[in-house]
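1. predicted structure and sequence below. I'll ask about it afterward.
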Amino acid sequence: MVQLFIKYFAHLTRETTTEQSVLQARARMENGGRSKMVFITTTVTFVLASIFAAGRIVSRFYIVKRHGWDDYTYILAWVSALAAHC
């Protein structure tokens with residue numbers, strides 16, 4: 001049992017060469033990995049959040065006509081999120 005553990009631990013700690021690492025990274029990039037799925041998920045979530053943000057801003061500025069510092073902070077946070085997403 002101990003020998004099996006040592007063999008498994010040695011396998012986990014084995015260092016790969018730089019060439020192997022580069023080849024593995026290229027293979028992941030060619031397959032797309034999860035990056036496409038992550039991008040689509042974050043984009044859909046951001047668009048949905050933007051719809052609700054626009055509804056809040058329209059209701060506070062044009063319907064209720066009462067806005068305060070929290071609304072300006074909300075707009076600033078949305079602009080910051082847009083800049084971070086793009």
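-> Thanks, I have it.
2. by mean pLDDT, which helix or strand of this protein comes out lowest?
-> The helix or strand of the chain with the lowest confidence, counting by mean pLDDT, DSSP states H and E, is helix 2-13 at a mean of 59.
3. by residue count, tell me the biggest helix in this structure.
-> helix 35-58 (DSSP state H).
4. model confidence over it, on average?
-> In this model, helix 35-58 carries a mean pLDDT of 89.
5. which strands and helices lie in contact with it?
-> Helices and strands touching helix 35-58, by 3 or more CB pairs under 8 Å, 6 or more residues apart in numbering; DSSP states H and E, are helix 69-85. The way it works is simple: take the backbone N, C-alpha and C, and place the C-beta from them, glycine included.
6. nearest spatial neighbour of D71, skipping sequence neighbours?
-> Closest residue in space to D71, ignoring its immediate chain neighbours: R60 at 5.3 Å, by CB to CB, 6 or more residues apart in numbering.
7. what about that neighbour, how many neighbours?
-> 16 (other CB atoms under 10 Å).
8. looking at it, it is touching D70, isn't it?
-> No - with contacts counted by CB atoms under 8 Å, R60 stays clear of D70, the gap being 9.1 Å.
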